[in-house]
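> the following block contains a protein sequence and its predicted model.
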Amino acid sequence: MIRAIVTDIEGTTSDIRFVHNILFPYARQHLATFLRDQQHQPEVQAALEAVRAEVDQPQADLPTLTQILFSFMDQDRKSTGLKALQGMIWRDGYLNGSFTGHLYPDVLPALTAWQAQGRKLYVYSSGSVAAQKLLFGYSDEGDITGLFSGYFDTHVGAKREVAAYHTIAAQIGLPAEQLLFLSDIHQELDAAAQAGWHTLQLIRGEADGASCHRQVTDFSEINLESI
Ligand SMILES: CSCCC(=O)C(=O)COP(=O)(O)O
Ligand SMILES: [Mg+2]
C-alpha cells in the first residue's frame, strides 16, 4: 500500500513553461541588483559561499560570482547555491504579484483526495525548499502548503542519484515499498526505482519512449490501489 507520495514540481505538478519562461527569467533579470543590495545578508552570504565551494574558487568576488551564476543559469545547472538565490529572488515576485505558482488543474483535487485517505504528501525538487513553499504558498489555487508533510531539495542529493531516495525514505520514516515518486523525468524515476520505490511518470507533453515506468498524462489517471 502506498502510504506516502513524493512529487516533483517542474513538468509534474506545474508547467515547465512557468518555470522556464516566468521564474527563471525573473531570477536572471533581478540577480545582479539582488546580489549588490543583499550580499551582506547571512542567507545570501551562505549561498555565495556554497557557489565558491562548488567552483573551487574560495576568493571569488561578487562580479566573478555573478558571472558564474549567469553561466549556471545558462546551463540550467542544479546548483544548490544558485537554487537558494533564485528562491530568495522569486520571493519578491510572488509577494509583489508578478506571478503565482502554476498548478495543473488535476493536481489539487488528487492531492486533496490522497491526503483525505490518510496518505502523506511530500515534495522533492531541485528548487530550494524555500522556493517550493513559495510556489505552493502562492499558487494559482491559493496557499496549498497545508497539504504537504515535508519538502526535499538538493540538500538530500541530486534527483538522479539513488542515494537521495534512500535519504528521503529514511527521513519520511517509511519503507521504500510504501513510497511513490511522481516525476516527468525517467532518469529521476530510474533512481527512485533502484532505491525500491514505486514510480509513475507524468507525460504532460512529449511522449518518452525511452522510459520503462508506468505513465499517466495527469494526476486524475492515478489509481493508487492498483500500485
Ligand atoms: C520550486 S520551482 C523551481 C524549480 C527549479 O528551480 C528547478 O530547477 C526545477 O528542477 P527540477 O529538478 O525539479 O525539475
Ligand atoms: Mg520535473
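Noted; the coordinates are in hand. Numbers count the residues shown, from 1 in each chain. Ligands and ions are numbered 1, 2, ... in the order given.
> wait, what's in contact with the residue of the chain most remote from its centre?
Residue farthest from the centre of the chain, counting by Cα atoms, centre = their mean, is Gln59 at 30.0 Å. Applying Cβ atoms under 8 Å, 6 or more residues apart in numbering, we find Gln59 in contact with Arg52. No exception for glycine: its C-beta is placed from N, CA and C like everyone else's.
> ok, it to Ala84 distance?
21 Å (Cβ to Cβ, to the nearest Å).
> looking at this, the residue farthest from the centre of the chain is in a strand?
No. Using DSSP: H, G, I helix; E, B strand; the rest coil, the assignment for Gln59 is coil, not a strand.
> hmm, who's touching stretch 220-227?
Outside stretch 220-227, the residues that touch it by Cβ under 8 Å, 6+ apart are 2, 5, 106, 109-110, 114, 117, 119, 180, 182, 198, 200, 216.
> give the buried subset of the residues you listed as a ChimeraX selection command.
In ChimeraX, a selection of the buried entries from the contacts of stretch 220-227 looks like this (16 or more other Cβ atoms under 10 Å):
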select :2,5,106,110,114,119,180,182,198,200,216
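> between the contacts of stretch 220-227, which is nearest ligand 2?
For ligand 2, the closest of the contacts of stretch 220-227 turns out to be Leu182, at 9.2 Å, with distances computed as Cβ to the ion.
> so which of the contacts of stretch 220-227 are in strands?
The subset of those located in strands under the criterion DSSP state E comprises Ile5, Leu180, Leu182, His198, Leu200, Val216.
> now render those as CSV, adding pLDDT and distance to Ala32.
As requested, these are exported to CSV (pLDDT from 0 to 100; distance: Cβ to Cβ, whole Å):
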residue, pLDDT, distance to Ala32
Ile5, 98, 39
Leu180, 98, 41
Leu182, 99, 36
His198, 98, 44
Leu200, 98, 40
Val216, 98, 41
